[in-house]
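> need a 3D model of the following:
(chains A, B, C and D)
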4 protein chains.
Amino acid sequence: MVINMYKKSNKILVMYYSKTGNTKKLAQIIAKGVEEVKEVECILKAASDVSKDDFILSSGIIAGSPVYFGTMAAELKDVFDRYVNVRSKMGDKIGAAFVTAGDESGGKETTIMSILQAFLIYGMIVVGDPLDATGHYGVACTGRPDKETSENAIKLGRRVAQLVNKVTFSPP
Amino acid sequence: MVINMYKKSNKILVMYYSKTGNTKKLAQIIAKGVEEVKEVECILKAASDVSKDDFILSSGIIAGSPVYFGTMAAELKDVFDRYVNVRSKMGDKIGAAFVTAGDESGGKETTIMSILQAFLIYGMIVVGDPLDATGHYGVACTGRPDKETSENAIKLGRRVAQLVNKVTFSPP
Amino acid sequence: MVINMYKKSNKILVMYYSKTGNTKKLAQIIAKGVEEVKEVECILKAASDVSKDDFILSSGIIAGSPVYFGTMAAELKDVFDRYVNVRSKMGDKIGAAFVTAGDESGGKETTIMSILQAFLIYGMIVVGDPLDATGHYGVACTGRPDKETSENAIKLGRRVAQLVNKVTFSPP
Amino acid sequence: MVINMYKKSNKILVMYYSKTGNTKKLAQIIAKGVEEVKEVECILKAASDVSKDDFILSSGIIAGSPVYFGTMAAELKDVFDRYVNVRSKMGDKIGAAFVTAGDESGGKETTIMSILQAFLIYGMIVVGDPLDATGHYGVACTGRPDKETSENAIKLGRRVAQLVNKVTFSPP
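Residues are numbered from 1 along each chain as shown, chains lettered A, B, ... in the order given. All right, here's what the predicted structure looks like:
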């Protein structure tokens, strides 16, 4: 008899705002990384479709935005602002971020940090890219995700999922 | 005969999003500081009322938000995002920020920085509090503005207005 | 027979730079919070005494600095810079930050963020204050730690220690 | 008779910490941009050579660092920390930043922001890249400055110098 010591099917929410489709594409790749990990279920949603229950029931959230003037787009920020009253239920969940930019000229890192700061205020645990990826604070690309970005995206999704399993694990 | 060497009536936009009224109150005090300075006209508006022309015709913008999860509220961010196509006309205008928080526990500085980053990406010149105020990056308070905050607010408004006059000045 | 399923004695490094003694005092309180947790050993050291082995052998690092011009003091930054060549061994360790300021006027949050950014680049997992504390990004106080700060400090130390136990745990 | 209405020879300090020589090279290019502007003298110095008088007598400071763990190198931070007692003399000077990274993987923007935050706390006026450059918060490159970075560097130097002339100008 095998006992599943992990909480059955941890949920990870991958939420994004996407105008051109690039951020949505990146979200889909991250979701694939999440689903590589056993016992984890990925919920992939546009920011406008995210419900309060998606927030409460997820053990991890990976949030993405285009780079708009150095912080996340208003449409994504609106989700964080809207669910302020469930903050007390978010402690110790895992958070991570991804962004896409229209051009090389900057704002990616400050946009990622704006998302990570929201997670920290929600009482969550925050991760950036794992050491075997090429980024630092989270996945970022210019335009459509290329091969390297896609690999980084898989790695970030996988990292969050694995950490969720560790953090939600209770010894039998 | 006196020649007015300053560009007649520089406009400074004080824009805010306010839910409880505290950020609006702080905006009104900053506007007073702006209007103390000669040759400057203050335009005081809620974020939702700010037009593209308000952006283009102002020589300085002072923007305020409640502290919501460590960055500006979605309603204020939306203004920056919305006017991306006038970015090329915003270079060398002056920008500054103010915030109000519901409690002491933090996010004020990162919220101010999120606003200043937007100004920098708009190509603007950025200031925080002058040295004779008690803050650093911009005016911040918890709850309703008290006496010290009000003095800092006056000083920030005045600083931006004086700098606008310097930067827009053309020797005769 | 009882099997200890936790890695025997996880080490947590509490490192600080302190000029006036306030940051050292806060470090000592955080260390108490760490030591409340079973199976965890706290190593409390001034930044200048931290060795490469302290970095490598710790499963978590809590780093503190006075607020000097909005980022960590040069003396603390120097530790992060110095051990760049052990970065590959730091992934998935836990990081958290604390700061003390000379006056109320700001820079605490950006100083904390400067420390958390260093941890993220080291590939580490980052936490701020737990939801039952009054801060967000990490423990901060003005002058000597008072009662509330001390409680927050205990909570941060405990949070990091508990998370270290979870993350380093291997099912038998 | 021509009257020079500008304060004779405004000084601009370009200071840098450089280990590999890349940041020094970028500093030299920025200095060229500064010197293109009339009535401005550029003082180019390694961080360790910067004196208190360099701080006090300059009307603008452009500071550069390699990207080390997401904030400026300890050697540059040390200059800001060291001259805390001349802070009261720094108000309304102009500040800008530049960085070089060893690889593409990030930390440039947060390193630039760490420098700009120090300037804001010194009471200074802050600028990033002008709109005709390709960056936002300040000049950044990976490795040795290439053609595009060099053009951006010239533009940043020139922008700071021109703004210094405007801000220090007193109508006759």
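
> could you use CA atoms for every contact and neighbour count after this?
Noted.

> tell me which residues in stretch A:125-145 are buried?
Of the residues in stretch A:125-145, those with enough neighbours to count as buried (16 or more other C-alpha atoms under 10 Å in any protein chain shown) are A:125-131, A:133-145.

> what's the answer for stretch A:65-79, then?
By 16+ other C-alpha under 10 Å, the buried positions in stretch A:65-79 come out as A:65-79.

> run the contact check for that stretch versus chain C.
No. Remark: stretch A:65-79 sits outside contact range of chain C, by C-alpha under 8 Å from any C-alpha of the partner chain, the gap being at least 15.5 Å.

> residues from chain A in reach of chain C?
Where chain A comes near chain C, counting by C-alpha under 8 Å from any C-alpha, the residues are A:88, A:91-92, A:117, A:120-131, A:136-137, A:163, A:166-167, A:169, A:171.

> buried residues in the longest helix belonging to chain A?
Among the elements of chain A assigned as helix by DSSP state H, the one spanning the most residues is helix A:147-168. Along helix A:147-168, these residues count as buried under the neighbour rule (16+ other C-alpha under 10 Å): A:149-168.

> so that helix versus helix C:147-168, what angle?
Going by axes from the mean of the first three to the mean of the last three C-alpha atoms, to 10 degrees, helix A:147-168 is angled at 110 degrees with respect to helix C:147-168.

> which other helices and strands contact helix A:147-168?
In this structure, helix A:147-168 packs against strand A:10-16, helix A:22-35, strand A:60-66, strand A:94-101, strand A:139-142, helix C:147-168, with contacts taken as 3 or more C-alpha pairs under 8 Å, 6 or more residues apart in numbering or on different chains; DSSP states H and E.

> next one: that helix to chain centre, how far?
Here helix A:147-168 is found 9 Å from its chain centre; the criterion is C-alpha atoms, centre = their mean, to the nearest Å.

> what of stretch A:158-169?
What separates the centre of stretch A:158-169 from the centre of its chain is 13 Å, taken as C-alpha atoms, centre = their mean.

> pLDDT on it, on average?
Rounded to a whole number, the mean pLDDT of stretch A:158-169 is 96.

> with stretch A:12-25 instead?
Stretch A:12-25 shows a mean pLDDT of 97.

> in space, what's closest to A:S59 - neighbours in sequence excluded?
A:K93 (5.0 Å; C-alpha to C-alpha, 6 or more residues apart in numbering or on different chains).

> that neighbour: neighbouring residues, count only.
As a burial measure, A:K93 scores 23 neighbours (other C-alpha atoms under 10 Å in any protein chain shown).

> residue contacts, it?
A:58-61, A:123-125, A:164 (C-alpha atoms under 8 Å, 6 or more residues apart in numbering or on different chains).

> before we move on, what about A:T110?
If you count contacts by C-alpha under 8 Å, 6+ apart, A:T110 has them with A:70-71, D:109-110.

> and for A:I115?
With C-alpha under 8 Å, 6+ apart as the criterion, the residues that contact A:I115 are A:63, A:71-72, A:96-97.

> what two of those are the furthest from one another?
By the measure C-alpha to C-alpha, those have their two most distant members at A:T71 and A:A96, which lie 14.8 Å apart.

> distance-wise, check A:C42 relative to B:L76.
Counting by C-alpha to C-alpha, to the nearest Å, the separation of A:C42 from B:L76 is 31 Å.

> could you do A:T71 as well?
Here the distance between A:T71 and B:L76 works out to 12 Å (C-alpha to C-alpha).

> just A:I154 next, same as before
A:I154 sits 33 Å away from B:L76 when distances are taken as C-alpha to C-alpha.

> now do A:F119
The gap separating A:F119 from B:L76 is 20 Å, by C-alpha to C-alpha.

> please apply the same query to A:T134.
A:T134 sits at a distance of 33 Å from B:L76 (criterion: C-alpha to C-alpha).

> can you tell me which of the residues of chain A next to chain C are in strands?
Of the positions in those, A:125-127 sit in strands, assigned by DSSP state E.

> mind giving me a markdown table with these and columns for distance to chain B and pLDDT?
Converted to a markdown table, these look like this (distance: C-alpha to the nearest C-alpha, whole Å; pLDDT from 0 to 100):
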| residue | distance to chain B | pLDDT |
| --- | --- | --- |
| A:I125 | 15 | 98 |
| A:V126 | 14 | 98 |
| A:V127 | 17 | 98 |
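
> okay if I get those as CSV plus distance to A:D53?
Written out in CSV, the entries for those read as follows (distance: C-alpha to C-alpha, whole Å):
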residue, distance to A:D53
A:I125, 19
A:V126, 21
A:V127, 23
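
> how close does the spatially most central residue of chain A sit to A:V34?
For chain A, the residue nearest the mean C-alpha position is A:I62 (0.8 Å; C-alpha atoms, centre = their mean). Taking C-alpha to C-alpha as the measure, A:I62 falls 10 Å from A:V34.

> so what sits against both of those two?
Common neighbours of A:I62 and A:V34 are listed as A:12, A:157 (criterion: C-alpha under 8 Å, 6+ apart).

> who does A:G60 bridge with?
With DSSP bridges as the criterion, A:G60 is bridged to A:I12, A:I94.

> show the pLDDT at it.
So A:G60 comes in at 98 (pLDDT).

> quick one: it and A:I94 touch, right?
Yes. Using C-alpha atoms under 8 Å, A:G60 is in contact with A:I94, at 4.4 Å.

> so how far is stretch A:57-74 from its chain's centroid?
Averaged over its C-alpha atoms, stretch A:57-74 has a centre that lies 8 Å from its chain's centre (C-alpha atoms, centre = their mean).

> gap between the two ends of it?
With C-alpha to C-alpha as the measure, the ends of stretch A:57-74 fall 24 Å from one another.

> before we move on, what about stretch A:14-30?
Taking C-alpha to C-alpha, stretch A:14-30 runs 8 Å from one end to the other.

> buried ones in that stretch?
By neighbour count, and taking 16+ other C-alpha under 10 Å as the criterion, the buried residues in stretch A:14-30 are A:14-18, A:22-30.

> and what of stretch A:104-119?
Within stretch A:104-119, the residues that qualify as buried are A:105-119, counting by 16+ other C-alpha under 10 Å.

> so how far is it from its chain's centroid?
Averaging C-alpha positions (C-alpha atoms, centre = their mean) puts stretch A:104-119 13 Å from its chain's average.

> same question for stretch A:16-32.
Taking mean C-alpha positions (C-alpha atoms, centre = their mean), stretch A:16-32 and its chain are 11 Å apart.

> hmm, back to that, quick one, the longest helix of chain A and strand A:94-101 angle?
With the same axes, to 10 degrees as the basis, helix A:147-168 and strand A:94-101 are set at 160 degrees to each other.

> is it true that A:Y17 touches A:E75?
Yes. Counting by C-alpha under 8 Å, A:E75 is a contact partner of A:Y17 at 6.4 Å.

> between these two, which contacts overlap?
Here A:Y17 and A:E75 share the contacting residues A:47-48, scored by C-alpha under 8 Å, 6+ apart.

> helices or strands up against the strand or helix carrying A:I56?
Per DSSP states H and E, A:I56 falls inside helix A:52-57. Here helix A:52-57 is seen to pack against strand A:10-16 when contacts are counted using 3+ C-alpha pairs under 8 Å, 6+ apart.

> packing partners of the strand it packs on?
Taking 3+ C-alpha pairs under 8 Å, 6+ apart as contact, the helices and strands that strand A:10-16 lies on are helix A:22-35, strand A:40-46, helix A:52-57, strand A:60-66, helix A:147-168.

> show me what counts as buried in the shortest one.
Buried positions in helix A:52-57, judged by neighbour count with 16+ other C-alpha under 10 Å: A:54-56.

> how near is A:G60 to chain C?
Per C-alpha to the nearest C-alpha, to the nearest Å, A:G60 is found 14 Å from chain C.
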